[in-house]
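Visitor: Structure for the following, please:
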Amino acid sequence: MTYSIEQLRDMIQSEKRLPPGFDQWYLEIDKEGFTIAHFAALYDCLPPDFDRLYLRSRKYGQTIAHEAAMFDHLPLNFNQWELTNDNGQTVAQVAYNFKHLPPNFDRWDLIKKGQEE
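Guide: Coordinates of the predicted model:
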């Protein structure tokens with residue numbers, strides 16, 4: 001079955017799910033180039049085995065991991081703290097800025113104090 005962008009957005013927002021076997025993560029949902037994966041990260045709706053946290057929005061270069069870090073939705077086993085967005089900010093920095101670092105975080109070399117947004 002084929003779903004429209006509106007149907008997918010509604011599923012994510014109201015049902016916190018996507019169709020079984022969904023694989024159109026690159027599907028852009030707005031003019032900034034945010035993908036359905038970015039939207040799913042915002043609503044903590046990525047599947048547990050999602051492995052494309054490196055995907056970037058076309059306009060702003062924000063990765064899925066950066067989006068998830070802002071809202072404390074990174075997977076428990078996340079280990080790609082060094083991924084950078086187009087501004088050079090690491091996922092670690094974003095998680096730090098939003099106070100979402102996990103208790104066992106050990107990549108303090110990626111945090112630059114005074115660069116909070």
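Visitor: Would you map the helices across the chain?
Guide: 5-10, 36-42, 64-70, 91-97 (DSSP state H).
Visitor: Just to check, Pro19 is in contact with Asp10?
Guide: No: applying C-beta atoms under 8 Å as the test, Pro19 and Asp10 come out as separate, 11.9 Å apart. No exception for glycine: its C-beta is placed from N, CA and C like everyone else's.
Visitor: What's the local residue count around the residue nearest to Val94 when sequence neighbours are not counted?
Guide: Leaving out its chain neighbours, the residue that sits closest to Val94 by C-beta to C-beta, 6 or more residues apart in numbering is Ala69, at 4.4 Å. By the criterion of other C-beta atoms under 10 Å, Ala69 has 28 neighbours.
Visitor: can you tell me which residues contact Ala69?
Guide: 91, 94-95, 98, 100 (C-beta atoms under 8 Å, 6 or more residues apart in numbering).
Visitor: how near is Met70 to Ile36?
Guide: Plainly put, Met70 is 17 Å away from Ile36 if you go by C-beta to C-beta, to the nearest Å.
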